[in-house]
Structure formats: C-alpha cells, structure tokens
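Q: Need coordinates for the following:
(2 chains)
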Amino acid sequence: MGDLLRMALRNTARNTRRTALTAMTILLGTTLLIIGLSWLDGLLGGLVDNIAATAGEVRVLKPEYEAREELFPLYENIPETAPVVKAIEDAGYDAHPLIRVGVTVSAGDEIGEHFGLLLGAERPYFEDVMNLDEHIIEGAFFTPGEESSQILLGKTLAAEVGAKLGEEVLFLGQTQDGSISPIKGVLVGVVDAPDALSNRQAYASLERLRYLTDIPDGAIEVAVHVGDPARAREVAATLRESPALKPYLVQAWSERPLFATISDMTGLVYGVLAGSIVFITALGVLNTMLMSVLERTSEVGVLRALGMGRVSVVFLFVVEALVIGVLGALPGVVLGAIVSFFLERDGIEMGEKISSQVSMPISTTFRADLSLEVTLISFALGLSMAALGALLPSIRAAGIQPVDAMRSHR
Amino acid sequence: MPILSLDKVVKRYPMGQTEVLALKGVSLTVESGELLAFAGPSGSGKTTLLNIVGCLDQASVGEVTLDGQRVNGLSAAALGHLRAEKVGFVFQSFNLIPVLSALENVELALRLGGQPPDRARAEQALVDVGLADQLHRRPNQLSGGQQQRVAIARALVKAPKLVIADEPTANLDSVNGAAVLDLMRKLNEERGATFLFSTHDNLVLSRVNRIVRLRDGEIVADERVSR
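A: Presented below is the predicted three-dimensional model:
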C-alpha cells in the first residue's frame, strides 16, 4: 500500500502541465458546483423565509379551503378564531389570524381596473412577522389605535394604482356568501418588501377585512410563527394533537402542495446540475488519464510482470487522480466559497418583472446561501469527478497484459 | 531435477485474417543452475519462448512445467502469482519504475513477490551488483549500465528459481555489457539461480554454458559449452 501511494503521489509530478490542466478542470467544476448549489439553496431558503414571513411556517385552515385555495372560497373559513388562537398559544407559539382576498383597487371613488390581493391581519403580524415597518419607503407604518381606517400598499400595486399618501383607496371585494363588498382606507405608507408578491399586495387591519368578507369573528387561516422553518413539520405534528384544532388542517410550509413541488423540483435541479458538472468534468479527467495510461503501458506491463494485481493497478491510477482531485477541489472550494460569499452578501437584483411572474413570494434579489454542507458536498463531488474520470482508464490499464505491454515497448 | 521443461510447445498468434506460427513444437529441458542462451535471428521465436517460460504468455499447444508445476491452463491471476514468486526479469530497456529510486525499485519487486518488506535485503541486493553508493538515485540519474544493474538486483532480490533476461546487453555498450554479463554469471555461480537469455550478441554467447539456437520457431541446435 505504501509503495502504491508513493508511486501515485510521485506520478502526479511526472507531467506537471497535464496535472495542472486536470486540476484546473476539477477546480472549475468544483467552483461551479459550490456556486450553483449555494445559489439553489439560497433560492429555496429565500422562498421559505418569505413564506414564513407572509403565511407563517405553519398554518391552520379548513381542509376544504386548502383544496380550492386558488379560487378564494371565503365561505370555507374558520368562523371562530379565538379557540384556535388559544390552542396555538397554549402550545407555546404565536398565532396570527389572517384574511386574504382578491380585490380591485382604485384611488378615489371610481371602481378600479387594478387587481390585487388584500391581506388583513393584526398589527403584531405586520410588525413582528412580516417586518413591514422596516420596509416602508414612503409615508409611515400604521398609527397605533387608527389601524382600522388606514391601509398600506406594496410599491408595485401603489405604482399601478397611482395612489398618493393621505388619499383614500377603494377596495372592492366580496363577502363570504359572494356579495360585492367595498371598504375604504387612507393610504399611510408604501412598502418595498423583499419579495415581489408582497409588493403586489395591500395591507389592512383584520377588523376591516372581517367587515369586508362578513366573517365577524373568524379568519381564512391562522398563521403560526415558529421562528425556524426547519421545525415546521414537528410543530405541525404537535399542534394536530390539540382537540381545538382537530377539525382543521394543520399544515407545515413544506407540506403545502405548491411548495412541496418546488422543493422536489429544486432537488431535481440540484441533482441535474451536480450530475452535469460532475459528468463534464469527469470527461476532462478521463481524457488526461487515458493519455497517462497510454504513455505508461509498458510501465504497467512491467508492474504486472513483477506480480502487481489488477486491483492494485486500478488503485494506482485512481489514487493518482484523487491526488489531482484534491489539488483541484481544494482551491475550487475556496474560490467557489468566495464568489458565493459575495453572492450571499450582495445578491443579484432580478427586478420585479422576473419574480412577479409567479404567484409565490420569490425574492426580488437572488442570494446564494453558502453552508458547510454545500462546501463539503462540492469538495466530495470534486473528488468524485477525479475518481470517476480515472476509473475507465484505470480499468483499461488493469487489463493490460504484460506480454502485450512488452511487445508494444519494443 | 529440471527447473523447466517444455514438451512440443506451439505458439500461434493471430495476425489479421491469418495466423503466425511463432513456435513449432519446441521441446526442451533446463536443469537448475544452468546459464542458457536462446540464440537466433529476429523472428526466430526467442522472445516468444522466453515469454512462455516466464509465465507472461501461454502456449497454444504443448506442455510447460516450471519448478515441478504445470503451467498450462493456469488463470491469469495464478500465472501472476507464479511469476512473482519464481521468476525474475531483466528487460532489454531496463524498465525500471522512473518515479522510484533504485532502492525503492528493488523493494517493490520484493513486496510484489509476496515477501515482507525488507530494506536491508534490498540494500544488500544493490550492494551485490556494485551500486552501494547509488541507492537513492532515480533511474534517470543512473547510466544505462547502472540501470541494468538495478534491474538485475530487482530480479534477484526475491531469490527466484529462474531469471529471464531478454537481450540484456542490447542497450549497453560493450564495456558495460560485459560487466553486466560477468555480474550475472557470478550471481549464477554463487546463488545457483537459473539464467535464461535471449540474444544474438556474441558477448552473451561467450559467457553462457549452453546455447539453444532457434530458427523459424524451431530448435536447430542445442550446444553445451564448457568454460
């Protein structure tokens, strides 16, 4: 084993230019991997954070509402939120009743042509969960005690409607039984939230939304603020045990069909991205390792003649490739981590247009999320590229018959 | 007791659509401790014969027995073990492993021969061939004659029953060639190892005890020489 390791190590220094080129290929592959994977993690993580900020990591609602959610079936509401809120708070979590409806929006008394979402919640939800008070770009946050007459608009919706601060904004929605229902509110602030969906929404007090929808003591859903998206399933499972919540669907963010699909898709993209980079890089390694094997045919023949087994020959070339793999993957990880660090810190502004094409709270700034896990995966895949690329040439080398090697040498 | 016996050995090689008959029924017995040379022009079958007796290749027809063990029909792995244990090789182009020092080359042969690591024994093998001061040099830092001495040390360190040397002087000048041959002859006398050469070099022929002449894959003469 010691001889083989020594030979493998020294073989990497035999053709320094080729070794450097192979290591560069692996470096590039590892760099792309770490950037790509941390980028994907950042996208998914950002989405989860935004979900948590807009709908809670866990939500409680009627299963019938969830089944046709895209149609806003307001009649499938939670008629009494008080026992639901109490059950959640008794379990140790913050609960926030929410009503979200589709409305037309206009400044003044004219019925508007602009469609948007109107979200009704109590002040702590807007303040502590969505942090809207930190994202006001014009005007101010709700005035304490006057929330019921005030509204906030997301910046995209505000621009579309053309509403000015202090102006009355008219929302035309419907009650839970389908009747047309209007409410008005004074625009006190414009919000620039981190996700495009929130910027296309309007915000009003829960009391006003209860009036609009004619759900006097209820809500459409109750958002549960857990504080850690990773614990959402565990918290949901605990809450399901509460008798007050038995009639309702208690759903972690990751159990929502849309987001489960996104999570699966992200996993698929993760795999395809990693697989493609590993495959292409391994092809580069394969090319150079094949050259090495061809050049060393007679040497392998001598080793085989002296009694070296096939497995040892494979080991010799794979270890050599792994050494080159380490030489490439280590700086690759460092370079990728540096780029990912800046992508995490500064992000890339994608603008409202891209992120507003889908009805999900996608961030307007795409950020990477560099983690130790991604770093280790990228390094391990960097080594896999080397090992994979070396496998075929090594097997070919192991198949060299000593007598053929000697003949080729003459 | 014969160390090697061949009985009507035939070797065929495919060449395109046809076959080349490299050996045409060679029969031969070699006693332990002999210093024997296969002589003949290019294409006479010398190297093919050495490959077969060195377990690098298998006969198409006929029987080969090495140190009492029948070689025919052995698997590639079994042939590898037999080769590692009983046969030492000295190649025309030395064929040392370039990334290993002289000492490491010899040690490697010892270990591949299934013997425990023994640095002192490897060093002694190099001392025996006159390279006591070149132990840690790599092949590219040694002259051709020195490299062939390392190859001899590598072949002999595991104390094989049979040493096969294919044109061992072909890449050496006459002075170095003579020195290497004298060394092999000395080791043959001291250790009793059997040496088989393939050659058309008169320098080699002048130092062996037996010359087997081949032509077109057949033995045409088998001469014993007293020295």
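Q: C-alpha only now, for contacts and for neighbours.
A: OK.
Q: Can you classify A:Arg59 as helix, strand or coil?
A: Using DSSP: H, G, I helix; E, B strand; the rest coil, the secondary structure recorded for A:Arg59 is strand.
Q: Could I get the contacting residues of it?
A: Residues counted as contacts of A:Arg59 (CA atoms under 8 Å, 6 or more residues apart in numbering or on different chains) are A:Glu221, A:Val222, A:Ala223, A:Val224, A:Leu249, A:Val250, A:Gln251, A:Ala252, A:Trp253.
Q: hmm, try it at 6 Å
A: By CA atoms under 6 Å, 6 or more residues apart in numbering or on different chains, the contact set of A:Arg59 is A:Val222, A:Ala223, A:Val224, A:Val250, A:Gln251.
Q: ok, and the closest non-adjacent residue to the first one?
A: The one in question is A:Val222. A:Pro97 (4.2 Å; CA to CA, 6 or more residues apart in numbering or on different chains).
Q: My guess is that neighbour contacts A:His225. True?
A: No. With contacts defined as CA atoms under 6 Å, A:Pro97 does not count as touching A:His225, sitting 11.1 Å away.
Q: what stretches of the chain score poorly on pLDDT?
A: All of this refers to chain A. Along chain A, the model assigns pLDDT under 70 to residues A:1, A:52-55, A:109, A:112, A:351-364, A:405-410.
Q: Switch to chain B, please.
A: Using pLDDT under 70, chain B drops low at B:227.
Q: show me where it has strands.
A: Under the criterion DSSP state E, chain B carries strands at the ranges B:2-15, B:18-31, B:35-39, B:61-66, B:69-70, B:87-90, B:162-166, B:194-199, B:210-215, B:218-224.
Q: how many neighbours does A:Pro83 have?
A: 11 (other CA atoms under 10 Å in any protein chain shown).
Q: next one: phi and psi at it?
A: A:Pro83 has phi and psi values of phi -60, psi -30 when expressed as degrees, to the nearest 10.
Q: Parallel or antiparallel, which strands does the top strand by length along chain A pair with?
A: Identified as the longest strand of chain A according to DSSP E is strand A:94-107. Within its sheet, strand A:94-107 is paired with strand A:114-121 (antiparallel), strand A:168-174 (antiparallel), strand A:221-225 (antiparallel), according to DSSP bridges.
Q: Identify all contacting residues around that strand.
A: Residues contacting strand A:94-107 (CA under 6 Å, 6+ apart): A:85, A:112, A:114-121, A:161, A:163, A:169-173, A:219-225.
Q: Might you name the residue of the stretch 101-250 of chain A sitting closest to chain B?
A: The minimum distance from the stretch 101-250 of chain A to chain B, using CA to the nearest CA, falls at A:Ala230 (52.7 Å).
Q: Okay, that residue and A:Glu57: tell me how far apart.
A: 9 Å (CA to CA, to the nearest Å).
Q: So the two - more neighbours on which side?
A: More crowded of A:Ala230 and A:Glu57, by other CA under 10 Å: A:Glu57, with 28 against 14.
Q: that older thread, can you redo the contacts of A:Arg59 as JSON lines with neighbour count?
A: Shown next, in JSON lines, are the contacts of A:Arg59 (neighbours: other CA atoms under 10 Å in any protein chain shown):
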{"residue": "A:Val222", "neighbour count": "26"}
{"residue": "A:Ala223", "neighbour count": "28"}
{"residue": "A:Val224", "neighbour count": "29"}
{"residue": "A:Val250", "neighbour count": "27"}
{"residue": "A:Gln251", "neighbour count": "25"}
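Q: can you list those residues in a markdown table and add distance to B:Pro41?
A: Listed next are the contacts of A:Arg59 as a markdown table, based on distance: CA to CA, whole Å:
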| residue | distance to B:Pro41 |
| --- | --- |
| A:Val222 | 97 |
| A:Ala223 | 95 |
| A:Val224 | 94 |
| A:Val250 | 92 |
| A:Gln251 | 88 |
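Q: Check which residues of the helix or strand hosting A:Val269 are buried.
A: In this assignment (DSSP states H and E), A:Val269 forms part of helix A:257-295. Neighbour-count burial for helix A:257-295, counted by 16 or more other CA atoms under 10 Å in any protein chain shown, picks out A:259, A:263, A:266, A:270, A:273-274, A:277-286, A:288-290, A:292-293.
Q: Does that helix reach chain B?
A: No. Using CA under 6 Å from any CA of the partner chain, helix A:257-295 stays clear of chain B, coming no nearer than 12.7 Å.
Q: Which elements pack onto that helix?
A: Helix A:257-295 is packed against helix A:16-55, helix A:372-398, with contacts defined by 3 or more CA pairs under 6 Å, 6 or more residues apart in numbering or on different chains; DSSP states H and E.
Q: After that helix, which helix or strand is next?
A: Taking DSSP H and E, what comes next after helix A:257-295 is helix A:297-306.
Q: tell me the angle that following helix makes with helix A:372-398.
A: With axes from the mean of the first three to the mean of the last three CA atoms, to 10 degrees as the basis, helix A:297-306 and helix A:372-398 are set at 80 degrees to each other.
Q: For helix A:297-306, what is the distance to the chain centroid?
A: Distance of helix A:297-306 from its chain centroid, counting by CA atoms, centre = their mean, to the nearest Å, is 52 Å.
Q: what about B:Thr18, distance to chain A?
A: 19 Å (CA to the nearest CA, to the nearest Å).
Q: how many neighbours does that residue have?
A: For B:Thr18, the count of nearby residues is 8 (other CA under 10 Å).
Q: who touches it in this structure?
A: Per CA under 6 Å, 6+ apart, neighbours of B:Thr18: none.
Q: can you check the one 10 residues further on too?
A: Remark: with contacts taken as CA under 6 Å, 6+ apart, B:Leu28 is in contact with B:Ser5, B:Leu6.
Q: residue contacts, the residue in the stretch 201-350 of chain A positioned nearest to chain B?
A: In the stretch 201-350 of chain A, the residue that lies nearest chain B is A:Gly307 (4.5 Å; CA to the nearest CA). Shown in contact with A:Gly307 (CA under 6 Å, 6+ apart): B:Gly80, B:Ala84, B:Leu112.
Q: Can you tell me the closest non-neighbouring residue to it?
A: B:Ala84 (4.5 Å).
Q: Verify the stated contact: that neighbour with A:Leu306.
A: Yes. In this structure, B:Ala84 is within contact of A:Leu306 by CA under 6 Å, at 5.4 Å.
Q: residues from chain B in reach of chain A?
A: Residues of chain B lying near chain A (CA under 6 Å from any CA): B:Leu56, B:Gly80, B:Ala84, B:Leu112.
Q: For burial, what's the neighbour tally of B:Ser143?
A: Number of residues near B:Ser143 (other CA under 10 Å) recorded here: 12.
Q: which phi and psi does it have?
A: Dihedral angles (degrees, to the nearest 10) for B:Ser143: phi -70, psi 170.
Q: do you know how far it is from chain A?
A: Using CA to the nearest CA, one obtains 19 Å as the distance from B:Ser143 to chain A.
Q: just B:Ser5 next, same as before
A: Counting by CA to the nearest CA - B:Ser5 and chain A are separated by 21 Å.
Q: So what sits opposite the most centrally placed residue in chain B in the bridge?
A: By CA atoms, centre = their mean, chain B has its centre lying nearest to B:Ile164, at 0.9 Å. Listed beta-bridge partners, B:Ile164: B:Phe89, B:Leu196 (assigned using DSSP bridges).
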